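Participant: Everything below, folded, please.
(one chain, ligands or ions: 1)
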Amino acid sequence: MDISKHPIFRPLSWPGHTLKNRLVIAPMSRVSATVDGLATPEMEAYYTAFAKGGFSMIITEGNYTDEVASKSYPHQPGLVSAAHAAAWQPVAEQVKANGALIIAQLMHAGALSQYSRDTLAPSAIQPVGVKMAQYGGTGAYPFPKAMTLADIHTVKEGFVNAAKVALEAGFDGIELHAANGYLLDQFLTPELNVREDQYGGNTGNRFRIVAEIIQAIRAVVPAHFLVGIRLSEGKVNDLKYRWKDGVAMAVEVLEEVRKAAPDFIHIAVQSGEWERDSFYSNGDSYAALAKKITGKVVIANGGMHQPTRAARVLDESHADLLSIGKAALADPAWPLHIQQGTSPLAFHPDMLWPEATIQHTNQIIQSFSVNVL
Ligand SMILES: Cc1cc2nc3c(=O)[nH]c(=O)nc-3n(C[C@H](O)[C@H](O)[C@H](O)COP(=O)(O)O)c2cc1C
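Facilitator: Residues are numbered from 1 along each chain as shown. From the prediction side, this is the model:
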């Protein structure tokens, strides 16, 4: 097969946007911002390389949304203040100048914060597992405080403000991080949310905070500004987690998503084992269900750099777009290299170990004697 005819290179028309191919950068925390959460020139070069390398849409690493308790890690970027907007502005400008859309991921760590000791969560349940060393963490996660209604209000305001700051910075849209075990996913997950008020109990109640955030963001951004959501079953501290009620739960969650009507839905499979970790007993994948139930643009994730898997996901209509994480981190020009028939540099775990910073990855790539774009 002529690789340039692979379905990953088909353009996608989306109301208001045309993407030159189906390749999206998955959000990846790089803990490389200043201590105040400002994006740096190094981050500008890092993100611009993906656009120059042929990706059509870039979703940034998770940005914290308030100074109260949202931060995940030291050196995480934020979208809270005018200074944050000014720092991200050249990044957004360069990515767009090089032909890609740029979306800011908005993230509240909740109980999985590796930053604060006074963590917040829907319920006072200590997370399983230990903090991630490559993001500077050690030991167990603290016992979180169960959020009051006032805390929930503050968190929602943080997300809405962050979306406004992202708009000011020149982003094309935002993605709400409701995946991987962080705060919004904690609300969605029955074992982590045992609240007895309107934010706990049935799926509609557990999704309520997300629906309210989407609605409130829509009210303050223009129609062309994309508002997406990222969902997953697996969690960073519990990669193999699956909904206890399998497909029934996925359908319930997606019915709520349909009502909230985000512009796109991004289904993450952090393990990278898409076939193993995203299918249900009825033969559907989480991504395919998202497409069927919501009718929105769906992004599939989880080892999508494998050409046969990528072709299957697109040809069998599991998703419209594919997000690529580690393979892109190893080779930001992955699309160009595939298109030209040259082998991209493959990901190696040392690129993120012992630290996940951009500087460290670049050093390892250079030690493999490969040019970084
Ligand atoms: C270094 C690193 C940082 C990540 N940070 C985030 C993040 O900030 N937000 C998020 O939703 N997912 C994050 N992820 C998960 C990825 O978006 C993606 O789901 C995962 O790498 C699987 O995709 P892949 O098989 O293409 O690598 C991160 C992954 C890596 C490797």
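Participant: who does the closest residue to His84 other than its chain neighbours bridge with?
Facilitator: Nearest residue to His84 in three dimensions, chain neighbours excluded: Gly78, at 5.0 Å (Cβ to Cβ, 6 or more residues apart in numbering). Using the backbone N, CA and C atoms, a C-beta is placed for each residue, glycine as well. Residues in a beta bridge with Gly78, per DSSP bridges, are Tyr64.
Participant: Spit out the contact partners of Gly78.
Facilitator: Contact partners of Gly78, counting by Cβ atoms under 8 Å, 6 or more residues apart in numbering, are 33, 36-38, 63-65, 67, 71, 84.
Participant: Now do the helices in the protein.
Facilitator: 41-52, 82-97, 149-169, 183-188, 203-218, 246-260, 274-277, 286-294, 307-315, 326-330, 334-340, 358-367 (DSSP state H).
Participant: Which elements pack onto the fourth one?
Facilitator: On a contact count with 3 or more Cβ pairs under 8 Å, 6 or more residues apart in numbering; DSSP states H and E, helix 183-188 meets strand 120-121, strand 173-180, helix 203-218, strand 226-235.
Participant: Does anything pack onto the first one? Which helices or strands?
Facilitator: Using 3+ Cβ pairs under 8 Å, 6+ apart, the elements in contact with strand 120-121 are strand 145-146, helix 183-188.
Participant: same deal with the last one?
Facilitator: Under the contact criterion of 3+ Cβ pairs under 8 Å, 6+ apart, strand 226-235 touches strand 101-107, strand 173-180, helix 183-188, helix 203-218, helix 246-260, strand 264-267, helix 286-294.
Participant: quick check: mean pLDDT across that strand?
Facilitator: For strand 226-235, the mean per-residue pLDDT is 98.
Participant: ditto for the shortest one
Facilitator: The pLDDT scores in strand 120-121 average 98.
Participant: how many neighbours does the residue of the chain found nearest the ligand have?
Facilitator: Nearest to the ligand, among the residues of the chain, is Gly325, at 2.8 Å (Cβ to the nearest ligand atom). Neighbourhood size, Gly325 [other Cβ atoms under 10 Å]: 20.
Participant: follow-up on the earlier one: take the helices and strands packed on helix 183-188 and write them to a markdown table, including mean neighbour count.
Facilitator: Putting the helices and strands packed on helix 183-188 into a markdown table (neighbours: other Cβ atoms under 10 Å) gives the following:
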| stretch | mean neighbour count |
| --- | --- |
| strand 120-121 | 26 |
| strand 173-180 | 28 |
| helix 203-218 | 20 |
| strand 226-235 | 24 |
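Participant: Please tabulate these in JSON lines, including the columns distance to Asp320.
Facilitator: Below are the helices and strands packed on helix 183-188 laid out as JSON lines (distance: least, Cβ to Cβ, whole Å):
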{"stretch": "strand 120-121", "distance to Asp320": "33"}
{"stretch": "strand 173-180", "distance to Asp320": "15"}
{"stretch": "helix 203-218", "distance to Asp320": "20"}
{"stretch": "strand 226-235", "distance to Asp320": "12"}
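Participant: any idea how far Phe50 is from the residue nearest to His84?
Facilitator: 21 Å (Cβ to Cβ, to the nearest Å).
Participant: cool, Ala39 as well?
Facilitator: Taking Cβ to Cβ as the measure, Ala39 falls 15 Å from Phe50.
Participant: Equivalent analysis for Pro7, please.
Facilitator: As judged by Cβ to Cβ, Pro7 and Phe50 stand 20 Å apart.
Participant: quick one: which of those two has more around it?
Facilitator: Shown here are Pro7 and Phe50; by other Cβ under 10 Å, Phe50 has more neighbours (27 against 15).
Participant: Give me the spatial nearest neighbour of Gln126, chain neighbours excluded.
Facilitator: Computed as Cβ to Cβ, 6+ apart, the closest residue to Gln126 that is not its neighbour in sequence is Phe143, at 4.8 Å.
Participant: Sorry, wrong one. I was asking about Tyr115.
Facilitator: Closest residue to Tyr115 apart from its sequence neighbours, by Cβ to Cβ, 6+ apart: Lys71 at 3.9 Å.
Participant: Can you get me a residue count around Pro354?
Facilitator: By other Cβ under 10 Å, the residues close to Pro354 number 9.
Participant: Sorry, wrong one. I was asking about Gly295.
Facilitator: Gly295: 10 neighbours (other Cβ under 10 Å).
Participant: pLDDT score assigned to it?
Facilitator: pLDDT for Gly295: 97.
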